[in-house]
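Novice: pasting the sequence and the predicted model now:
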Amino acid sequence: MPCVIVSACLAGIPCRYDGRANTCAPVVELVRRGLAVPVCPEGLAELPTPRPPCEIAGERVLRNDGADLTEAFARGAQRALEMALRHECRLAVVKSRSPSCGAGQIYDGSFSKRLCEGDGLWVRLLRRHAIAIMTEETFAKKTEEEIRELLSSLS
């Protein structure tokens with residue numbers, strides 16, 4: 001079976017900006033079975049937990065007080081990509097809307113909870129390396145059989 005890389009907060013690790021987890025039971029089960037590797041790009045960037053919220057504004061990652069954290073987020077995204085490649089992961093299950101892990105939609109940088117099209121920095125790198133992406137919202141709707149088929153199709 002191929003290895004899956006997952007956003008650590010989905011695996012129950014309290015690494016979100018606010019110090020909480022976004023536990024997703026099917027992701028926890030993949031990790032428990034040794035089929036998934038949890039990673040937090042923001043943790044790999046050595047950002048503290050908890051930390052002020054950040055959003056992508058244009059091509060910059062900004063903290064809600066205006067501080068530019070683009071370099072830290074890029075460093076964490078690169079380190080997380082290296083983990084995915086080292087483990088030969090073919091699928092990533094990521095936290096939706098995050099400035100690191102968001103896929104398809106992210107917050108627009110106004111800190112007003114408005115969404116826009118786009119990907120987080122880590123997801124951009126994963127896509128460039130042909131790693132399939134699913135958010136926890138899509139993954140959580142899959143049945144056990146669908147998950148098995150998905151993993152088999154990636155082999």
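Specialist: Structure's in. What do you need? Numbering: from 1, shown residues only.

Novice: and the helices in the protein, which stretches?
Specialist: Listed in chain order, the helices of the chain (DSSP state H) span residues 25-32, 41-44, 70-86, 121-128, 136-139, 144-154.

Novice: low-confidence regions, the chain specifically.
Specialist: When residues are selected by pLDDT under 70, those of the chain lie in 1-2, 155.

Novice: got a list of what the residue nearest the centre of it touches?
Specialist: Within the chain, one residue has its C-alpha closest to the average C-alpha position: by C-alpha atoms, centre = their mean, that is residue 101, at 3.1 Å. With contact taken as C-beta atoms under 8 Å, 6 or more residues apart in numbering, residue 101 is in contact with 7, 41, 94, 95, 120, 122, 123. Every C-beta, even on glycine, is put in place using the N, C-alpha and C of the backbone.

Novice: for the last one, give me its contacts.
Specialist: If you count contacts by C-beta under 8 Å, 6+ apart, residue 123 has them with 92, 94, 100, 101, 102, 103, 133.

Novice: out of these, grab the one that's most surrounded.
Specialist: The member of these surrounded by the most neighbours (other C-beta atoms under 10 Å) is residue 101, with 33 neighbours in all.

Novice: ok, that residue to residue 143 distance?
Specialist: As defined by C-beta to C-beta, to the nearest Å, residue 101 lies at a distance of 24 Å from residue 143.
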